[in-house]
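In: Predicted model and sequence below, questions to follow.
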Amino acid sequence: MISKKISVDELKFGMYVTQLDRPWTETPFLFQGFLLREPEQLETLRKFCKDVYIDVERSELPDATKRAALTIKAAGTPAGIRRVEHVERVTVEVELPRAAASYETSQAAWESVVASLSRGSEVDAAAVQGAVKDMSASIMRNPDALVLFSALKERGGYFLGRAMNTSIYMIMFARFLGMTPEDIERAGMVGLLQDIGMLEVPDDVLSKTGPLSPEEQKLVRLHVERGVAILHKTAGMPPEVAELVMLHHERHDGSGYPRGLGSAELGTIGACAGIIDTFSAMTSKRPYAEAMAPSNALGMLHKWRDKVFHPLLIEEFIRCIGVFPVGSVVELNNGEVGIVISQNVAKRLQPRVMVVRDDKGNPIRPQKLIDLSRSPKISEEEIYRIRRTLEYGRSGVGLKDIML
C-alpha cells in the first residue's frame, strides 16, 4: 500500500480514502476505507475532516481506469460491466402493485419446481424463465418496488424466501452494472435456482441448530453438484444457467467449493452470485442464526473484499443497494421507526423513509414520508437522520405498515 496524506480540498473522485484525521466512529461513515465516488461522501469529509490519507495503488483515477483491462483479474474490471445512467421509468408507488403481482407469479413458479421434483416430474423451464422475465421487467421500470415487497413480505419458508430474494438482487445488481437484457435475465435465473440442490439434503441436516459434523458438511456442499445435475436434465433450461449455478460458492481467492476456482475463472455473473448468496443468507433467519441487519451484512462483505470477493464488485454492490437497502427497517434519531422505501441515487446515505411507528412503538396513521436528502427537520436545531437499522424479521414491521 502506498499511503499519502492530502487535504480534503485536494480530493478527487476515484481516490481511495484509507484513514481520517479523526476516529471513524466520530463520523457518519460505516466503513473504514472507501472509494470516493459520490458527492455526498465528499460533502461529509469536508464537514468532519481537514486531512485524509489515500491509498494511491487502490485509487481509480481516470488515466488508470482507461488502462484497466476488461477482464476479471484481481486488479481489473469484470467483463460485461458498463457505466450507464439509470432512469426510473415510474415511481416506487406506481410500480409496487405490479411488483407484487410479479413476485406472486415467480413464487408460484418456484413452488411448482419444488412440487415437480418431489414427485419425480420434469421442471417447467418455460414457466421459470417467464417468471424471471416478469421480475426483470419490473426492476427495469423501478428497482426499488420489487425489493421493497420482497423484504417486507411474510416468508413462505426459508428456501422460498432465499430463492426469491437472491433472484431479485441478482437482477437488480446486473441492471446496475449495465449488463445486457439477456444477461440480466440469466442472472435472475441463477439466483432463483442456485440452491435447488438443497431440496435433496435431508431435513434433519438443514434444520440443525448446532454445528454440522464433517459428514453433514459434505452432504450440504453436494447441493451444488446435485442442483447442476437437475438443471442439466431439465428440458428447455439454457445450459449456461447450470454452468453459472456451479459457481455460486466459489470465491475470489480460490477458497470456495466445489472446484476451488479463483476470480479469473468465475466470470462476472458467477462472482456476483457468490456475493449476493452470502448477503441473502446473512440477512435471512437460519436455524443456527438470527437474521443480520442489512448494514451489518454489508460491513462484513466490505471486510472480505479483495480476499473472498472481488473488491470492485463489492464496492459496486454497496453502491447498488445503498448503505440502507430498500426494505430496511430503521430507527431514526428521535426514536421513530421507518421503512426505507426508495434510494436517492445521488445520496445513498439519505434514502426516502416511510415513518410507521412513533418513539413509543405505536403505529402512525397516516404514515409520514420523509426524504432524508432534503434535510427534513425534527426541530429547529435538529434534522432527521438514521440512527441504526433493525434486524430483518425482528422489528414487527411488515407490508401491513405501508399503504402506498
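Out: Thanks, I have it. Numbering: from 1, shown residues only.
In: just checking, what packs against the helix or strand where residue 276 lies?
Out: Using DSSP states H and E, residue 276 maps to helix 267-282. Under the contact criterion of 3 or more C-beta pairs under 8 Å, 6 or more residues apart in numbering; DSSP states H and E, helix 267-282 touches helix 158-176, helix 181-193, helix 239-245, helix 294-303, helix 311-321. No exception for glycine: its C-beta is placed from N, CA and C like everyone else's.
In: any idea of the mean pLDDT in it?
Out: The average pLDDT within helix 267-282 is 95.
In: before we move on, what about stretch 388-404?
Out: 70.
In: Please apply the same query to stretch 165-178.
Out: Here the average pLDDT along stretch 165-178 is 94.
In: With only the CA atoms kept, save it in PDB.
Out: Extracted in PDB, the C-alpha atoms of stretch 165-178 (Å, rounded to 0.1, in the frame of the first residue of the first chain):
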ATOM      1  CA  ASN A 165     -34.600 -12.700  -2.500                       C
ATOM      2  CA  THR A 166     -31.400 -13.900  -4.300                       C
ATOM      3  CA  SER A 167     -33.000 -13.700  -7.700                       C
ATOM      4  CA  ILE A 168     -34.300 -10.200  -7.200                       C
ATOM      5  CA  TYR A 169     -30.900  -8.900  -6.000                       C
ATOM      6  CA  MET A 170     -29.200 -10.700  -8.900                       C
ATOM      7  CA  ILE A 171     -31.500  -8.900 -11.400                       C
ATOM      8  CA  MET A 172     -31.100  -5.600  -9.600                       C
ATOM      9  CA  PHE A 173     -27.300  -5.800  -9.500                       C
ATOM     10  CA  ALA A 174     -27.000  -7.000 -13.100                       C
ATOM     11  CA  ARG A 175     -29.000  -4.000 -14.200                       C
ATOM     12  CA  PHE A 176     -26.900  -1.600 -12.100                       C
ATOM     13  CA  LEU A 177     -23.800  -3.000 -13.700                       C
ATOM     14  CA  GLY A 178     -25.100  -2.200 -17.100                       C
END
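In: Go through that stretch and flag the buried ones.
Out: Under the neighbour-count criterion of 16 or more other C-beta atoms under 10 Å, stretch 165-178 has 165-177 buried.
In: ok, now stretch 215-234?
Out: Of all the residues in stretch 215-234, those buried under the rule 16+ other C-beta under 10 Å are 216, 219, 220, 222, 223, 224, 226, 227, 228, 230, 231, 234.
In: hang on, the earlier thing: out of the buried residues of stretch 165-178, the closest to residue 55 would be?
Out: residue 177 (23.6 Å; C-beta to C-beta).
In: hang on, residue 329 packs against residue 341?
Out: No. Assessed by C-beta atoms under 8 Å, residue 329 is found out of contact with residue 341, at 11.2 Å.
In: of these two, who's got more company?
Out: When neighbours are counted by other C-beta atoms under 10 Å, residue 329 comes out ahead of the other of residue 329 and residue 341, with 27 against 24.
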